[in-house]
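Enquirer: structure of the sequence below:
(chains A and B)
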Amino acid sequence: MKHYRKALYASVVGLLAVGVSACGSSNNGGSGGSSNATPKLPLKAGENAAAEQIYGGKKGGTLNVLSSEDFISQDPGGMYFALDYAVGYATQRPLFVYPPNSSDTLAPDLATAVPSTSNGGITDGGKTITVHIQPNVKFSPPVNRTVTSADVKAAIQRLFNPNVGNGYASAYFNNIVGAANAKGGPISGITTPNATTIVFHLTKTDAVTVLGALSMPGSSPVPANLIGKYDAHAPSTYGTSFEAFTGPYMIQNNNGVVKGVGYQTGKSMTLVRNPNWDPNTYASSAYKPPAYLDKVSIQIGGDPNVIGPQVLKGSDMAQLDTPSKSTVHQAYTQYPSEIMFTTAAGDHYMTLNNSKGPFTNVNLRRAVYANLNREAIIRIKGGVLTGSPGTHFLTPGTSGFDQAGGYAGPDYPWNKDTSGNLKVAEQYMKAAGYKSGKYTGNHVVTIVGSNNGADELAINQDVNQDFTQLGFKTHLIQVDQSVMYSKYCQVPKNAPDVCPSGGWLRDFDNGLAMLYVPFDGHAIVPTNNSNFGLVNNPQINAAMDTARYTANPTANAQAWANVDKLLVQQAVAVPEDFDIQPNIASGNVRAVDDIWNEGSIDFAFTSLK
Amino acid sequence: MLRYITRRILWGIVLLILVSALTFILFQVFPTTDPALLRAGRNSNQADIQHIRVELGLTHPIYVQFWDYMKGIFLHFNFGYSYYSQASVTSLIFNRLPATISLTVGAVVLWVVMGIPVGIISAIKRGTFLDRASMTSALTFVSMPTFWLGLLVLYLFGQVVGLVQIFPGPGSYVGLTVNPVKWFTSLILPWFVLAATQAAIYSRLLRGNLLEVMGEDYIRTARAKGVREGRVIFKHGIRSAITPVLTVLGIDIGGLLGGAVITETIFEIHGIGLLNIQAINHSDFPIVQGTTLLAAMFVIVANIVVDVAYAYLDPRVRYS
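Expert: Coordinates of the predicted model:
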C-alpha cells in the first residue's frame, strides 16, 4: 500500500516503554531478552482484534471520526492508502473482501462465491478464473441501475489508464491476456459471457495472485456507459466530478458530485446511507455488512495530540489515523477498552545494498544481521505495544508466515538472537575473510536514515553503533523521510549501503504482495524503486517466479514461505520488527477494526452502544 | 500622497513576483519529494510516473513552468491545482480565508484592547506596583510558546478534553454566516491564545516608547504651557509613541492573515495556516506557492496602510 501511517506511527515511544514494559515483560517472552518464543501482547479487554465480534451491534446514530491526515483519492481505481480504504470499502463493493476479523480468508462481496478449483471457479490449471456477481446490486443515485459484469470489466480495464493513476494494476494484473499493453481500453482476456459472469483468462497460472488482487478497491464496478468521459481527463475526474457507489454507504453527494458536497478537501467528509443498497445481496455470512450507523462524519486536520484525548474522553468518536504516542499511553493505562491493537500491520527492516559495496558479500550481510539489536529498536519505538522483533519478511496473518517459522522465524544462526549476538557476527566476519572478526577494509559505509522525530534519530544511532561495533567506518546521513526515499533509498544510482527505515505493508494475503517488489530483481526501477537493497539474486528471482505461478493455494503459501526462508538465508536485508498498529474509539463506540487494513475502523460494521 | 501610494503598489507587485520566483526556485533546488512520485503508487511503472509528470507540466524547463504559472495568476487569477488532491488552489485558499480572517481580526482587536491600555498605564504609573505587575504578566505571556499555551487552555477550559469545560473544544469552529453565536464562542479560546502573547509584546513596546517620548522637550513645553496632563499624554505623547507600534501591528496583521499555523492546527480551524502545513507535509507546491504569495500580499498591503496612517498620525511625515 502506498503510505504507512506516517511519522506519528514511527514516533510511538518513550512513555510507552516506561509505562508498559513492566506489563509486557511479565507475559511477553519476546521482550527484554534474546528469546524467540511467540510474543503475546499484554492484551486487555477489547484488544484482541482477531477475536472481535463483528456482528451484534445497535442500529442508528452518527459516528464522528477525527483524522489529522487527509484522504488522497475517492476513486476506487486510484485509491491506495489505508485511510482511503476505510471509506472505499464502506462505499464500494469489490468482488472479494477480507472480513474485518480475518487477514487471510477471502469472502465474496460483489461476487457470489470465491472461485476455487473445487467449485469450478478456477480452471485450466489456474489460468482461467470465472466469477459470478450478485444479480441485484444497484448503483447509487443518479445512476440507479443494476450492476452488470460489464461494469466490473470497465473497472479493471480502467486501472491501466494512466489518467487513473493506479499504483498496482501492472504488478498484479499483468498476466491477464491482453493486459501487457493495455492503456485503459478493452482487454481481450476479460470476457463477460452474460450480465452476471466475468471471466479472466491468464497467460500463466496466476490465479492465486489475481484473486487476491481482486479484493482491492479497483475491482469495484463503475458505470461502464459513463466512465469514459471522466477517464478522458488527465487526471481522471471520476471520484471528484462524479462517483457512483455500490456499498452500504456513499459519500454525500449532489447527483453524484462528491467534491465540495460530501468531501471538502482537507476539511471534512460525510458518509450517508446508500438508498439503493440491499443487505440481502451477500452470499456469505462471513461477510455481510450490517451498516448499523446512519451517518459517518469525518473531520480532517488538527493536532494528533488533541485528537487523541478528544476521542478518549468524548463519545461517539473514533480516530481514523494513527494516535500519537502519548495518546496510546493514555489509552492503554486509563482507557483500556478504547484501544485496539492489530498485528497484521506490516514490518520494518534494514536494507543492505546487495549490488555494490561490501554487502555484496553474503557473509558480511549475515554478520550485520546477527549483530543488529532488534530488541533495542522495538524499545526505542515504544516497546511491545508497537511491535515484536522481526525474524523474517512475511508478516503475521499472511499465508506462509507460519510455514516460514512464525514469530521465531527460520532457524539460522544469524537469526536466532533478536538482541544481537556479537560472537555469531564475528564468526561470519571471519567467514567473509576478516580474520580478526572486525571489518578492516577501506570502504566507509553510508547509512541514510530519516530525521523525522526523536525515535528515528535514535534508531539511526543504534544501527550506526551496531555497524561500528563490527569495525565498519560509517557516514550517517539523516534527512527528512520523504527526501530519504526520493533522493536516496528509492533511486538505485544514489542507493546508499544501508537504509535503516525500509518496510512494507501487504496489499492482500499473498507472499507476492509482501516480497516481490522489495526483493525481486525484476522489480528494480530507475526511480520510485522499492527494492532499496537492489536485491537481484537469480535463485531468489526464480523462487519467486515459481511461487507466484503455483496454482494450489496451500502449495502457493508454502512456496512463498520457502522464498521467505531463502531471503533470510541470504540475509538480503535485516528484519527489524513486525509492526503493531493501535487504533482508538470512544467508550460508547463498538468499533470493529479491519485487521487486514492496519486495524482501520470498518464503518460498515461499527456501531454505537 | 496618491503618487506615493501608486508607487508603493507597483513596487509591491514587483516584490510579489520576486517572492514567487524565490519560492519557486527554493522548491526546485532544495531536496524535496518529486510530486509525480507522490501521486504515483508504490508499484507504479515508469510510464505512469512520466505521464503524471507531463500532466503536471513538470517536463517543461523551469523558466517555462514559472512563466506559465505567473501568466495564470495575473491573467486568470489561477493559482494552479493541488498536486495532492487536484483541487483548484484558488478555491481552496478562498474557502479557507474567512476562517483565518475571523481568527486574525478578533485576535487583533483583543490584543490591541488589552495591550495598549496596559502599556499606557504602565508608562504613566512607572515604578509602581501596577507597573511591575503588568510587566511581569507581560513577560510571562511573552515567554509562553503558542503551541503550549494553546494546549494548556484547551486542557483547562475546552469542552470534551478540558478540566473545566466552559468553552467549545477543538473542531467546533463554524463560519459566521452559519451560526454567529457558535462562531463567536468557538473563537474565544483561539483569540485569547493569539492575543495573549501579542498583547504582552505591545504593552511592553508601547510602555518603552511612551516613557521615551514623555521625556522629550516638547512634552515639557506642553506642560509648561499649562496643558492638562491627560491631554499631554494622549494628544502629544501617545501620538508619537504609537507609530512604532503601528508598524509592528501592520506586519503582525499581514503575517497572521497568511495563516496562524499552530493555533489553527491545535483548534482545528480550517484556515490558511492549516492548509499550508498540510501542503508542506505533502510537498504540494502549488498550495505552498499560493499561500506564500497570499501572505506576502497581505504584508505588503498592511505596510502600505500603515505608512499612509503615519502621514495622518505624525505631521512630520509627508510623502511626495
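Enquirer: make it CA atoms for all contacts and neighbour counts henceforth
Expert: OK.
Enquirer: residue of chain A closest to chain B, please.
Expert: A:G167 (3.8 Å; CA to the nearest CA).
Enquirer: and that residue, what helix or strand is that in?
Expert: Following DSSP states H and E, there is no helix or strand that holds A:G167.
Enquirer: that one - how many residues pack around it?
Expert: For A:G167, the tally of surrounding residues (other CA atoms under 10 Å in any protein chain shown) stands at 25.
Enquirer: thought it was touching A:G78?
Expert: Yes - between A:G167 and A:G78 a contact is recorded at 7.3 Å, counting by CA atoms under 8 Å.
Enquirer: tell me which element A:F341 is part of?
Expert: Going by DSSP H and E, A:F341 is in strand A:339-342.
Enquirer: may I ask which helix or strand of the chain has the lowest mean pLDDT?
Expert: All of this is about chain A. helix A:15-27 (a mean of 34; mean pLDDT, DSSP states H and E).
Enquirer: the intended chain is chain B.
Expert: That would be, for chain B by mean pLDDT, DSSP H and E, helix B:35-39 at a mean of 70.
Enquirer: skip ahead from the least confident helix or strand of chain A and say which helix or strand is next.
Expert: Criterion used, DSSP H and E; the element after helix A:15-27 is strand A:62-67.
Enquirer: paired strands for that next one, with orientation please.
Expert: strand A:295-300 (parallel), strand A:317-319 (parallel) (DSSP bridges).
Enquirer: burial of the nearest residue to A:V362 once chain neighbours are set aside, as a residue count?
Expert: Nearest residue to A:V362 in three dimensions, chain neighbours excluded: A:Q570, at 6.3 Å (CA to CA, 6 or more residues apart in numbering or on different chains). Neighbour count for A:Q570, taken as other CA under 10 Å: 16.
Enquirer: repeat for B:V301
Expert: Close neighbours of B:V301, defined as other CA under 10 Å, add up to 18.
Enquirer: tell me the contacts of it?
Expert: B:G12, B:G254 (CA atoms under 8 Å, 6 or more residues apart in numbering or on different chains).
Enquirer: what does B:L189 give?
Expert: Contacts of B:L189 (CA under 8 Å, 6+ apart): B:G150, B:V153, B:L154, B:F167.
Enquirer: scan those residues and report the most crowded one.
Expert: Neighbour tally across the contacts of B:L189 (other CA under 10 Å): the maximum, 28 neighbours, falls on B:L154.
Enquirer: I'd say it and B:I166 touch.
Expert: No - using CA under 8 Å, B:L154 is not in contact with B:I166, being 10.0 Å away.
Enquirer: just how off-centre is stretch A:374-392 within its chain?
Expert: 18 Å (CA atoms, centre = their mean, to the nearest Å).
Enquirer: leaving out the residues flanking it, which one is nearest to A:F341?
Expert: Spatially, and ignoring its direct neighbours in sequence, A:F341 is nearest to A:P582 (4.5 Å; CA to CA, 6+ apart).
Enquirer: neighbours of that neighbour, how many?
Expert: Other residues close to A:P582 by other CA under 10 Å number 28.
Enquirer: would you mind measuring from it to A:G511?
Expert: 24 Å (CA to CA, to the nearest Å).
Enquirer: helices of the stretch 401-550 of chain A, residue ranges please.
Expert: Secondary structure of the stretch 401-550 of chain A, counting by DSSP state H, counting those that start in this stretch: helices at A:422-431, A:454-469, A:481-483, A:511-519, A:538-548.
Enquirer: doesn't the residue nearest to A:F341 fall inside a helix?
Expert: No - counting by DSSP: H, G, I helix; E, B strand; the rest coil, A:P582 is not found in a helix; it is strand.
Enquirer: any buried residues in the longest helix anywhere in chain B, and which?
Expert: The longest helix of chain B (DSSP state H) is helix B:89-124. Neighbour-count burial for helix B:89-124 flags B:89-90, B:92-93, B:96-104, B:106-108, B:110-112, B:114-124 (criterion: 16 or more other CA atoms under 10 Å in any protein chain shown).
Enquirer: what's the answer for stretch A:383-391, then?
Expert: For stretch A:383-391, burial by neighbour count (16+ other CA under 10 Å) applies to A:G383, A:V384, A:L385, A:T386, A:G387, A:S388, A:P389, A:G390, A:T391.
Enquirer: redo those residues as TSV? Include secondary structure and distance to chain B.
Expert: TSV is the format used below for those (DSSP: H, G, I helix; E, B strand; the rest coil; distance: CA to the nearest CA, whole Å):
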residue	secondary structure	distance to chain B
A:G383	coil	27
A:V384	coil	28
A:L385	coil	25
A:T386	coil	24
A:G387	strand	23
A:S388	strand	25
A:P389	strand	25
A:G390	coil	22
A:T391	coil	24
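Enquirer: and which of these is nearest B:I287?
Expert: Distances from B:I287 to these, taken as CA to CA, are shortest for A:T386 (34.4 Å).
Enquirer: so what's the spatially most central residue of chain A closest to, chain neighbours aside?
Expert: With distances taken as CA atoms, centre = their mean, A:L505 lies nearest the centre of chain A, 3.3 Å away. Closest residue in space to A:L505, ignoring its immediate chain neighbours: A:G346 at 4.2 Å, by CA to CA, 6+ apart.
Enquirer: got phi/psi on the one you found?
Expert: Note on A:G346: backbone dihedrals following degrees, to the nearest 10 are phi 90, psi -170.
Enquirer: where do the helices of chain B begin and end?
Expert: B:2-29, B:35-39, B:46-55, B:62-76, B:89-124, B:129-143, B:146-157, B:180-213, B:217-224, B:229-231, B:238-257, B:261-266, B:272-281, B:285-313.
Enquirer: highest mean neighbour count out of these?
Expert: Greatest average neighbour count among these goes to helix B:261-266 (a mean of 24), per mean count of other CA atoms under 10 Å in any protein chain shown.
Enquirer: run through the neighbouring helices and strands of that one.
Expert: Helix B:261-266 is packed against helix B:146-157, helix B:180-213, helix B:272-281, with contacts defined by 3 or more CA pairs under 8 Å, 6 or more residues apart in numbering or on different chains; DSSP states H and E.
Enquirer: got the contact list for the shortest one?
Expert: So that's helix B:272-281. A:266, A:301-302, B:93, B:96-97, B:99-100, B:257-262, B:264-265, B:268, B:285, B:287-288, B:291.
Enquirer: who in chain A is up against chain B?
Expert: Applying CA under 8 Å from any CA of the partner chain, we find that chain A lies next to chain B at A:1-2, A:72-73, A:80, A:162, A:165-168, A:170-171, A:234-235, A:265-267, A:299, A:301-303, A:306, A:309-310, A:313-314, A:482-483, A:486-487, A:517, A:525, A:527-530.
Enquirer: generate a PyMOL selection restricted to the buried entries among these.
Expert: Remark: buried members of the residues of chain A next to chain B, expressed as a PyMOL selection using 16+ other CA under 10 Å:
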select buried, chain A and resi 1+2+72+73+80+162+165+166+167+168+170+171+234+235+265+266+267+299+301+302+303+306+309+310+313+314+482+483+486+487+517+525+527+528+529+530
